[in-house]
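> Here is my input, please return the structure:
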Amino acid sequence: MRNKLKTLGEMSKETVGQNILIRSKEIPKIYSNVVTDRGEIIGKVNDIIGPKMDPHIVVKLSKNITDPKTIKNKMLFEASSNSKKREKRWKKKR
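Numbers count the residues shown, from 1 in each chain. Below is the predicted model:
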């Protein structure tokens with residue numbers, strides 16, 4: 001399965017409870033993986049807050065990220081798969 005990467009931006013703030021905020025111009029899918037430019041999964045999109053024109057993305061960090069400051073100046077991406085399998089599963093049959 002090949003992944004497409006959508007640019008989200010850099011980490012803007014660290015919040016309580018293993019979460020970070022990313023200021024972005026793109027709106028990702030909820031619960032999609034967030035990766036670095038090297039392809040390391042750092043967490044999942046937990047929530048999107050703010051106006052549609054200037055969204056902030058709340059990312060729940062993976063357990064393997066012990067210090068959020070290590071990803072402070074790295075560009076972060078949303079990894080979405082090309083697979084239509086999941087989308088088909090949720091469509092209603094007529």
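> Please, where are all the strands along this structure?
Secondary structure of the chain, counting by DSSP state E: strands at 3-15, 19-23, 33-35, 41-49, 56-61, 75-81.
> Show me the one of the ones you listed that comes nearest Lys69.
strand 3-15 (7.4 Å; CB to CB). From N, CA and C alone the C-beta is placed, and that goes for glycine too.
> That closest one vs strand 41-49, what angle?
Per axes from the mean of the first three to the mean of the last three CA atoms, to 10 degrees, the angle that strand 3-15 makes with strand 41-49 is 70 degrees.
> What residues sit buried inside strand 3-15?
Leu8, Gly9, Met11 (16 or more other CB atoms under 10 Å).
> next one: stretch 44-51
The neighbour-count check on stretch 44-51 (16+ other CB under 10 Å) flags Lys44, Val45, Asn46, Ile48 as buried.
> which residues sit in contact with the nearest residue to Ile49 once chain neighbours are set aside?
Once flanking residues are discounted, Ile49 sits nearest to His56: 5.1 Å by CB to CB, 6 or more residues apart in numbering. By CB atoms under 8 Å, 6 or more residues apart in numbering, His56 lies in contact with Ser12, Leu21, Ile22, Arg23, Ser24, Ile48, Ile49, Gly50.
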